[in-house]
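Undergrad: for reference, the sequence and a predicted model appear below.
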Amino acid sequence: MASAPVLAAPVLAPPPASVPLEEVKAYLRIVGSEEDALLAGFVRSAGAACEDFTRLALIERAVEERVAARAGWVRLAQTPVRAILGMSLLGGDGAATALAAGAFSVDIDAAGDGWVRMTSGGSGGPYVVAYRAGLGADWNGVPEALRLGIVRLAAHFFQHRGAEGAAPPAAVTALWLPYRRLRLS
């Protein structure tokens, strides 16, 4: 299956927190709630950094992705794909028209990559593919090493706020590296 160029970055629904705030507070030994808003921002930033580094969606959520019209299989950008919900033809006016189920084929391979292809012509386009992607349905579905890396990075952000050039702990990279997905062009 050969991949095609993606027309635009996939649009993901905002991710929920990948680890509960209580885990970060326990790690930092914080009892009160005065720092909760600040810590919540650090948790979101650390979760986004984890997703950027690993190229994986941590918590399952909706994704819409534009793909070019072509005859072969097209790999979806976000992984791991849990379900491909449908495809729509995007008109010149921006309106999307849902395609019948027989007009396209879908596949999710063992690595969690989602694939789509047009079965009736493949002309027109671009198309919008709606799907769900993520490692787990909630934070309990995220592997422990990724969660611990997020906790460690959020704690680092908290402890070094305002300090320029404070490098993140090497342990964070060590925890996330086994989950990193690379794509060769």
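TA: Structure received.
Undergrad: ok, the closest residue to Gly125 other than its chain neighbours - how many residues close by?
TA: Closest residue to Gly125 apart from its sequence neighbours, by CB to CB, 6 or more residues apart in numbering: Ala69 at 2.6 Å. Just so you know, the C-beta spots here come from the backbone N, C-alpha and C atoms, and that holds for glycine as well. Neighbour count of Ala69, defined by other CB atoms under 10 Å: 17.
Undergrad: what helix or strand is Ala69 on?
TA: In this structure, Ala69 sits in neither a helix nor a strand according to DSSP states H and E.
Undergrad: touching, it and Gly124? I think so.
TA: Yes: under the criterion of CB atoms under 8 Å, Ala69 is in contact with Gly124, at a separation of 5.6 Å.
Undergrad: just the buried positions in whichever helix or strand Glu64 is part of, please.
TA: Using DSSP H and E, Glu64 maps to strand 61-67. Neighbour counts over strand 61-67 (16 or more other CB atoms under 10 Å) mark Arg61, Val63, Glu64, Glu65, Arg66, Val67 as buried.
Undergrad: tell me the confidence at the spatially most central residue of the chain?
TA: With distances taken as CA atoms, centre = their mean, the chain has Ala57 as the residue nearest its mean C-alpha position (2.6 Å). Looking at Ala57, its pLDDT stands at 93.
Undergrad: now swap in the one 4 residues further on and tell me
TA: Per-residue confidence at Arg61 stands at 91 (pLDDT).
Undergrad: ditto for Ala2
TA: Looking at Ala2, the pLDDT reads 49.
Undergrad: what does the domain assignment say about the chain?
TA: Domain ranges of the chain: 16-57+137-179, 61-133, per automatic domain parsing.
Undergrad: any idea which of those scores lowest on pLDDT?
TA: Across those, the lowest-scoring stretch is domain 61-133, with a mean of 88.
Undergrad: centre of the chain to it, how far?
TA: 17 Å (CA atoms, centre = their mean, to the nearest Å).
Undergrad: surely Ala49 touches Leu153?
TA: Yes: contact criterion CB under 8 Å: Ala49 and Leu153 qualify, at 6.2 Å.
Undergrad: so these two - more neighbours on which side?
TA: Leu153 (26 against 18).
Undergrad: the more buried one looks like it's in a helix, true?
TA: Yes: according to DSSP: H, G, I helix; E, B strand; the rest coil, Leu153 belongs to a helix.
Undergrad: ok, back up a step: just checking: what are the partner strands of the next helix or strand after the strand holding Glu64?
TA: Once the chain leaves strand 61-67, the next helix or strand it forms, by DSSP H and E, is strand 74-75. Partner strands and pairing direction for strand 74-75 (DSSP bridges) are strand 114-118 (antiparallel).
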